[in-house]
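Make a model of this:
(chains A and B)
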Amino acid sequence: MDNKMTLTFSAIEENLGFARSVVGAFCVTENPTIDILSDIKTAVSEAVTNAIVHAYREGQGEVTIQAEISNHILYLAVKDTGCGIENVEMALSDFYTSSAVEERSGLGFTIMRTFMDSLDVLSKPFSGTIVQMKKQLA
Amino acid sequence: MQIDSKNKNGDLYIFLYGEIDQSKSVEIKSRLTSLLSVRPLNKVILNLSGLQFVDSTFIGVLIARYKQLREQGVPIFIEHPSRQIDKVLGVSGIYTIMPKVG
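Numbers count the residues shown, from 1 in each chain, chains lettered A, B, ... in the order given. Here you go, the predicted structure:
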């Protein structure tokens, strides 16, 4: 049974738990294991945090999560209309962070790539970012 | 968020509870910095058995605390992470500087 949903919300850190819960609940229809669910929620947390902290530099903006389940595979897209990434390859490398000030680990994309089955990042400066991920649910 | 601590003659046990993401980062940073300023301090054991979820924000917090204590030669150890937390910590490589002891 194909299923999809779209969720748009304010890019604020208070919404991180909410975003994780919504994607998790959406996947429950496929009866995934707890481990698969927690992998997906971790990846969602990383992608949404990137939008809040980097895309909008914690200013105002919105995040959209699109999720689709087809043939027991979750297709996830986390989108923002923020500042975009100048060098995607560099951003994807382990421990890289564009944040000079805070205590950031630079591991967000590494975790997304490790916890999900695939990761693609589409971004251009000033044009926002789309993070696409897939995960086999069953 | 709930954080408990127990000091046994300079061995500081810190118990973290709940979920840690960006929304908790300011609070946990300030509370850990405060707890870690106790003296004498021989070692720190972070008990994660009450933590249900972390993302890489927590790694950033841990690395900063490690740097804070490294100069004093105070080691930090990690106890009882759940499977999800163990996976995040493992990917980060943080066990090489903060060994898992339980």
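
Worst mean pLDDT across the helices and strands of chain A, which element?
Across the helices and strands of chain A, mean confidence by mean pLDDT, DSSP states H and E is lowest for helix A:88-92: a mean of 88.

name the helices or strands packed onto that one?
Contacting helix A:88-92 under the criterion 3 or more CB pairs under 8 Å, 6 or more residues apart in numbering or on different chains; DSSP states H and E are the following elements: helix A:108-115, strand A:118-123. The way it works is simple: take the backbone N, C-alpha and C, and place the C-beta from them, glycine included.

May I see those arranged in CSV, with mean pLDDT and distance to chain B as well?
Below are the helices and strands packed on helix A:88-92 laid out as CSV (pLDDT from 0 to 100; distance: least, CB to the nearest CB, whole Å):
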stretch, mean pLDDT, distance to chain B
helix A:108-115, 96, 5
strand A:118-123, 97, 13
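
quick one: which of these is nearest residue B:39?
With CB to CB, the closest approach to residue B:39 among those belongs to helix A:108-115: 35.4 Å.

which parts of chain B sit against chain A?
B:19, B:21-23, B:25, B:29, B:53, B:55-57, B:59-61, B:63-64, B:83-84, B:87-88, B:91-92 (CB under 8 Å from any CB of the partner chain).

Now do residue B:101: how many residues are near it, please.
Using other CB atoms under 10 Å in any protein chain shown, residue B:101 has 11 neighbouring residues.

Oh, that last question was meant for residue B:24, not what I typed.
21.

So for it, what's the pLDDT?
Confidence per residue is given as pLDDT, and for residue B:24 that number is 96.

So it sits against residue B:1, correct?
Yes. In this structure, residue B:24 sits in contact with residue B:1. The criterion is CB atoms under 8 Å, and the distance is 5.4 Å.

what's the overlap in contacts for those two?
Any residue near both residue B:24 and residue B:1 by CB atoms under 8 Å, 6 or more residues apart in numbering or on different chains counts here, and that gives residue B:18.

Excluding sequence neighbours, find me the nearest residue to residue B:99.
Using CB to CB, 6 or more residues apart in numbering or on different chains and skipping residues adjacent in sequence, the residue nearest residue B:99 is residue B:77, 5.6 Å away.
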